[in-house]
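Undergrad: pasting the structure only:
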């Protein structure tokens, strides 16, 4: 069991995401990001399967054929696109990603930067989060608009850097996120009447 190492890894990751979320105005999300990783069902798995250079959930998945910690985590954290997967109404697809609210796409973007920094250490560059996205299968399950926004942010970050990308998020995406919240709030009010 590598409890101290795992605690340090997840805390380092969380603090990077928190700082970045604060920089763009996502204060609540910054504070609450990945808190479920400290719950016993996720933390103990992390201690048991800790490797230091990748998520312990991958090692649990290899050992058991699934990751109970990941299933718990993705079901409680809206910044993971897997949280938004539902049955598809398209007869040609079984599952489909719902469009994610902008605020969670931004948090997912921050999460990918922090994960790359945490696990790659000195090998990290601003291109790392984009390369990770391109090498994975997330695009297949993401809603097309969500995938487009995430990739746009990752490419902007790789090409223009943190300061420019965070400015873009504060200036253009945070007002959009606030409008989405207002629309959702009033939509719930009209649904109740």
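TA: In hand now; what should we look at? Nothing here was measured: the structure is a model prediction, and the numbers come from that model.
Undergrad: the most centrally placed residue in the chain: helix or strand, and which one exactly?
TA: The centroid of the chain falls nearest to residue 108 when counting by C-alpha atoms, centre = their mean (3.0 Å). Assignment of secondary structure by DSSP states H and E places residue 108 within helix 102-120.
Undergrad: next: residue 59.
TA: Secondary structure (DSSP H and E) places residue 59 in helix 56-64.
Undergrad: below-threshold pLDDT in the chain: ranges please.
TA: Judged by pLDDT under 70, the chain has its weakly predicted residues at 191-193.
Undergrad: follow-up on the earlier one: which other helices and strands does the helix or strand that comes right after the helix holding residue 59 contact?
TA: Per DSSP H and E, the first helix or strand lying C-terminal to helix 56-64 is helix 68-74. Helix 68-74 is packed against helix 40-48, helix 56-64, with contacts defined by 3 or more C-beta pairs under 8 Å, 6 or more residues apart in numbering; DSSP states H and E. Glycine gets a C-beta too; all of them are placed from N, C-alpha and C.
Undergrad: what residues are up against the nearest residue to residue 138 once chain neighbours are set aside?
TA: Among residues not flanking residue 138 along the chain, residue 81 sits closest, at 6.1 Å (C-beta to C-beta, 6 or more residues apart in numbering). By C-beta atoms under 8 Å, 6 or more residues apart in numbering, the residues touching residue 81 are 97, 100, 108, 138, 141, 142, 146.
Undergrad: pull the number of nearby residues for the closest residue to residue 115 other than its chain neighbours.
TA: Spatial nearest neighbour of residue 115, chain neighbours left out: residue 13 (6.4 Å); criterion: C-beta to C-beta, 6+ apart. Residue 13 has 20 neighbours, counted by other C-beta atoms under 10 Å.
Undergrad: do you know how far the residue nearest to residue 138 is from residue 143?
TA: 8 Å (C-beta to C-beta, to the nearest Å).
Undergrad: overlap in contacts, those two.
TA: 97, 100.
Undergrad: let me see the ranges of the strands in this structure.
TA: 85-87, 95-97 (DSSP state E).
Undergrad: can I get the ones you listed in a markdown table including mean neighbour count and distance to residue 72?
TA: Shown next, in a markdown table, are the strands of the chain (neighbours: other C-beta atoms under 10 Å; distance: least, C-beta to C-beta, whole Å):
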| stretch | mean neighbour count | distance to residue 72 |
| --- | --- | --- |
| strand 85-87 | 11 | 16 |
| strand 95-97 | 16 | 19 |
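Undergrad: compare those strands and give me the one nearest residue 174.
TA: Closest to residue 174 of the strands of the chain, according to C-beta to C-beta: strand 95-97, at 22.6 Å.
Undergrad: list the buried residues for the helix holding residue 59?
TA: 56, 57, 59, 60, 61 (16 or more other C-beta atoms under 10 Å).
Undergrad: now for the helix holding residue 108, which elements pack on it?
TA: helix 3-24, helix 27-32, helix 128-135, helix 144-160, helix 174-192.
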